[in-house]
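Novice: show me the folded form of this:
(one chain, ligands or ions: 2)
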Amino acid sequence: MKIYPATDENILRGAALIKSGGVVSFPTETVYGLGADAFNPAAAARIFEIKNRPYFDPLIVHIAYLSQLEILSGDIDPMVWKLAGKFWPGPLTLVIKKLDSVPDIITAGLDTIACRMPGHPVALRLIKEAGTPIAAPSANPFGYLSPTKAEHVLDSLGDRVDMILDGGECPVGIESTIISLVNGRSLLRPGGIPLEEIEKITGKIIRPGPEISIPLAPGQFLSHYSPSTPVRIEKKINFTEDGAGYLLFHQPEGYYPGERTEILTKTGDLKEAAANLFSSMHRLDRLQLKVIIAEPVEEAGLGLAIMDRLKRASKKKQG
Ligand code: TXA
Ligand code: MG
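Specialist: Ligands and ions are numbered 1, 2, ... in the order given. Purely as a prediction, here's the structure:
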């Protein structure tokens with residue numbers, strides 16, 4: 001059993017593991033991360049092996065203090081401090097120029113680095129106790145649904161990790177919003193902070209199309225965040241399809257198969273829906289259904305991130 005409740009004592013054990021080159025899964029407010037010392041290339045290489053993640057897909061580096069940015073990036077854009085002041089700790093990742101001292105494996109050889117200060121007490125404590133920034137992708141096999149509970153990590157990565165710190169369910173439930181501040185301001189991934197909120201501070205942010213080019217955002221493959229069961233997005237749902245499960249943003253009025261239906265929110269609250277999204281998809285994925293039929297939501301506010309994940313989940317796996 002590798003799951004440990006996130007007590008003070010266990011966080012200290014996790015920090016000791018990170019310091020000695022281990023790989024520890026820990027809760028953040030968005031999803032569970034799979035963390036290693038950002039300045040230990042061998043430990044970072046284990047993250048890629050454990051996840052079966054291609055080496056050209058760079059990692060996000062998590063910090064607990066603003067001063068840790070100075071060992072990752074030089075010549076920091078004043079916009080970083082403005083955004084950090086408003087959204088950190090929290091689900092915003094900023095892509096900025098990196099220092100040469102950051103190992104190339106972390107950034108997949110790019111001259112930029114993705115940084116964020118997570119808004120979860122366990123994550124912050126772990127980074128502080130480890131005394132080093134922690135590189136961490138989501139703690140799932142590459143391309144699969146992200147984990148929002150410790151059991152999701154155990155089920156999919158199991159004994160390949162040194163320790164799983166259990167801090168309960170991730171309250172935001174959807175990954176951080178990623179903004180690049182290099183060569184203008186652009187959205188690399190919609191996430192837990194609505195773009196509209198960020199634009200109040202930055203002004204207009206460029207939104208690239210759905211298929212972002214490789215060097216810009218290497219991890220944003222068209223097919224991603226996918227359950228094993230095929231996903232279809234449909235506006236009108238009639239609950240008659242054989243072997244189908246349903247993912248809804250409202251409480252249906254008439255009949256629906258309760259055991260195969262996940263209601264992400266009854267009230268249209270997209271915060272609630274985002275928090276439930278991955279857990280609900282994990283549950284439906286265990287039912288051995290033929291298809292998961294998902295209702296769409298408007299692509300505004302958190303709806304942009306939710307629809308991004310649903311659209312990617314609905315794309316056929318590409319080899
Ligand atoms: O909420 C989150 O961001 C979670 C938690 C654990 O913090 N992490 C997460 O990491 O979602 P991951 O590895 O699953 O997604 C990170 C994304 C990838 O798409 C990657 O390509 C992109 O960030 N990324 C990392 N460094 C980058 C860089 N220098 N330039 C552009 N994109 C970068
Ligand atoms: Mg991920």
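
Novice: what parts of the stretch 1-150 of the chain come near ligand 1?
Specialist: 28, 30-31, 33, 57-60, 91, 93, 95, 107, 110, 112-114, 118, 136-138 (CB under 6 Å from any ligand atom). C-beta coordinates here come from the backbone N, C-alpha and C atoms, glycine included.

Novice: let me know the pLDDT of the residue in the chain sticking out farthest from the centre.
Specialist: Distance from the centre of the chain peaks at residue 254, with 34.9 Å (CA atoms, centre = their mean). For residue 254, the model assigns a pLDDT of 93.

Novice: that one in helix, strand or coil?
Specialist: Here residue 254 takes the coil state, with states given by DSSP: H, G, I helix; E, B strand; the rest coil.

Novice: count the residues that sit near the closest residue to ligand 1 within the stretch 51-200 of the chain.
Specialist: In the stretch 51-200 of the chain, the residue that lies nearest ligand 1 is residue 137 (2.9 Å; CB to the nearest ligand atom). Number of residues near residue 137 (other CB atoms under 10 Å) recorded here: 22.

Novice: burial of the residue lying closest to it once chain neighbours are set aside, as a residue count?
Specialist: Leaving aside its chain neighbours, residue 137 sits nearest to residue 59 (5.4 Å; criterion: CB to CB, 6 or more residues apart in numbering). Counted by other CB under 10 Å, the residues lying close to residue 59 total 25.

Novice: which phi and psi does residue 59 have?
Specialist: phi -100, psi 160 (degrees, to the nearest 10).

Novice: now do the SS call for residue 308.
Specialist: helix.

Novice: quick one: it and residue 188 touch, right?
Specialist: No - using CB atoms under 8 Å as the test, residue 308 is too far from residue 188 to be in contact (11.1 Å).

Novice: the spatially most central residue of the chain and residue 253: what is the separation?
Specialist: Centroid-nearest residue in the chain, with CA atoms, centre = their mean: residue 175, separated by 3.1 Å. Using CB to CB, to the nearest Å, we find residue 175 at a distance of 33 Å from residue 253.

Novice: same thing with residue 259?
Specialist: Counting by CB to CB, the gap from residue 259 to residue 253 is 19 Å.

Novice: same question for residue 86.
Specialist: 41 Å.

Novice: need the contact list for residue 114.
Specialist: When the contact criterion is CB atoms under 8 Å, 6 or more residues apart in numbering, the partners of residue 114 are 58, 59, 60, 61, 93, 94, 95, 107, 178.

Novice: assumed residue 124 was part of a helix.
Specialist: Yes - Residue 124: assigned to a helix according to three-state DSSP.

Novice: residue 86 and residue 253: which is more packed in?
Specialist: residue 86 (14 against 6).

Novice: that one and residue 201 touch, don't they?
Specialist: Yes - look at residue 86 against residue 201 with CB under 8 Å: they come within range, at 5.9 Å.

Novice: so where is the stretch 201-319 of the chain shaky, pLDDT-wise?
Specialist: Residue ranges of the stretch 201-319 of the chain with pLDDT under 70: 209-223, 316-319.

Novice: what are the ranges of the helices in it?
Specialist: Here the stretch 201-319 of the chain has its helices, by DSSP state H, counting those that start in this stretch, at 270-285, 302-314.

Novice: same for the last one, what does it pack against?
Specialist: With contacts taken as 3 or more CB pairs under 8 Å, 6 or more residues apart in numbering; DSSP states H and E, helix 302-314 sits against strand 231-233, helix 270-285, strand 291-294.

Novice: quick one, what contacts the residue of the stretch 51-200 of the chain closest to ligand 1?
Specialist: Residues near residue 137 by CB under 8 Å, 6+ apart: 33, 34, 47, 51, 53, 57, 59, 60, 219.

Novice: surely residue 112 touches residue 98?
Specialist: Yes - counting by CB under 8 Å, residue 112 does reach residue 98; the two are 5.8 Å apart.
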